[in-house]
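Enquirer: Here is my input; please provide its structure:
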Amino acid sequence: MTCAGSLAWTALEEARPAVHPPDMSGQRRKATDADLEAVPPHRVAERVDGELYVSPRPALRHACAQGALHNALYNPFDQGRGGPGGWLLLFEPELRLGEDILVPDLAAWRRERMPEMPEEVRVILAPDWVCEVLSPSTAVLDREKKMKVYAREGVRHLWLVDPPRQALEVYGLEGARWAPLGTHSGQALVRAEPFTPLLLELGGLWAR
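Expert: So this is what the prediction gives:
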């Protein structure tokens, strides 16, 4: 059995690093692009700190929040219909940030930094805004290692959407650290950076 074939795809409760045999020197082998490509399409593969993380596809409550937020932002900010435009919004883009490969639930770039949709499979330009929708399988990875990568790469704004708690956490980058800008919950009407022209109805994100 090949190394890629021996990776464990069955960790449903938490996104964990896949275990690779050590190299010839006895050191932990870093995950390669081939390891990511070997992950089945019904899983999400990411590489953080040299480790391969394999996550299950999101549950319906997660998918509902992700889709509803994309719909709320797309017309006013990506298309400029009923809003200021000026953004390029992507659904689950694959980001190559240095040696790390991350797949946020949503990401957006200001048009002056990314005027047109890139042709490449992976985007190498760090977004201006990312959103992670938390689930039991990914919350630890999203809150710890991925937030650190986003801060290191200079992403200016980060949202964490937590469907079980019906909460939105908003963060802004100050220096090299994330500063909390507010937590909103339930049916609140929210103006959150960097999309303050939009009065976001949080209740529309929660599955009913």
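Enquirer: tell me the mean pLDDT over the longest helix belonging to the chain?
Expert: Counting residues, the longest helix in the chain under DSSP state H turns out to be helix 60-73. Here helix 60-73 scores 95 as its mean pLDDT.
Enquirer: quick one: buried residues of the helix or strand following it?
Expert: Stepping forward along the backbone from helix 60-73, the first helix or strand reached (DSSP states H and E) is strand 87-91. Across strand 87-91, burial judged by 16 or more other Cβ atoms under 10 Å covers 87, 88, 89, 90. All C-beta atoms are positioned from the backbone trio N, CA, C, and that covers glycine.
Enquirer: angle of strand 87-91 against helix 60-73?
Expert: 160 degrees (axes from the mean of the first three to the mean of the last three Cα atoms, to 10 degrees).
Enquirer: the domain parsing of the protein - what is it?
Expert: According to automatic domain parsing, the chain comprises the domains 4-56, 60-205.
Enquirer: okay, those domains, which one's buried deepest?
Expert: domain 60-205 (a mean of 17; mean count of other Cβ atoms under 10 Å).
Enquirer: can you pull out the helices in the protein?
Expert: Going by DSSP H, the chain shows helices at 33-37, 60-73, 139-141, 147-152.
Enquirer: The closest residue to residue 31 other than its chain neighbours pairs with what?
Expert: Nearest residue to residue 31 in three dimensions, chain neighbours excluded: residue 52, at 3.6 Å (Cβ to Cβ, 6 or more residues apart in numbering). Applying DSSP bridges to residue 52 gives these bridge partners: residue 47.
Enquirer: In terms of pLDDT, where does the residue most central in space within the chain sit?
Expert: In the chain, the C-alpha nearest the mean C-alpha coordinate belongs to residue 104, at 1.6 Å (Cα atoms, centre = their mean). pLDDT, residue 104: 97.
Enquirer: Please look at it and residue 123 and confirm they touch.
Expert: No - the criterion here is Cβ atoms under 8 Å, and residue 104 misses it with residue 123 at 10.5 Å.
Enquirer: which residues are in contact with both of these two?
Expert: 93, 95 (Cβ atoms under 8 Å, 6 or more residues apart in numbering).
Enquirer: quick one on the thing from earlier: going by mean pLDDT, which of the domains of the chain comes out lowest?
Expert: domain 4-56 - the lowest mean pLDDT of the domains of the chain, at a mean of 70.
Enquirer: list the contacts for residue 153?
Expert: Contacts for residue 153 (Cβ under 8 Å, 6+ apart) come out as 97, 98, 126.
Enquirer: ok so, going back, would you list the buried residues of strand 87-91 in a markdown table and tack on distance to residue 79?
Expert: Shown next, in a markdown table, are the buried residues of strand 87-91 (distance: Cβ to Cβ, whole Å):
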| residue | distance to residue 79 |
| --- | --- |
| 87 | 9 |
| 88 | 10 |
| 89 | 9 |
| 90 | 13 |
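Enquirer: so who does the closest residue in space to residue 167 that isn't next to it in sequence touch?
Expert: Using Cβ to Cβ, 6+ apart and skipping residues adjacent in sequence, the residue nearest residue 167 is residue 185, 4.4 Å away. Listed by Cβ under 8 Å, 6+ apart, the contact partners of residue 185 are 165, 166, 167, 168, 202.
Enquirer: Quickly list what the third one is bridged to.
Expert: Okay, so that is residue 167. In this entry, residue 167 is beta-bridged to residue 162, residue 185, by DSSP bridges.
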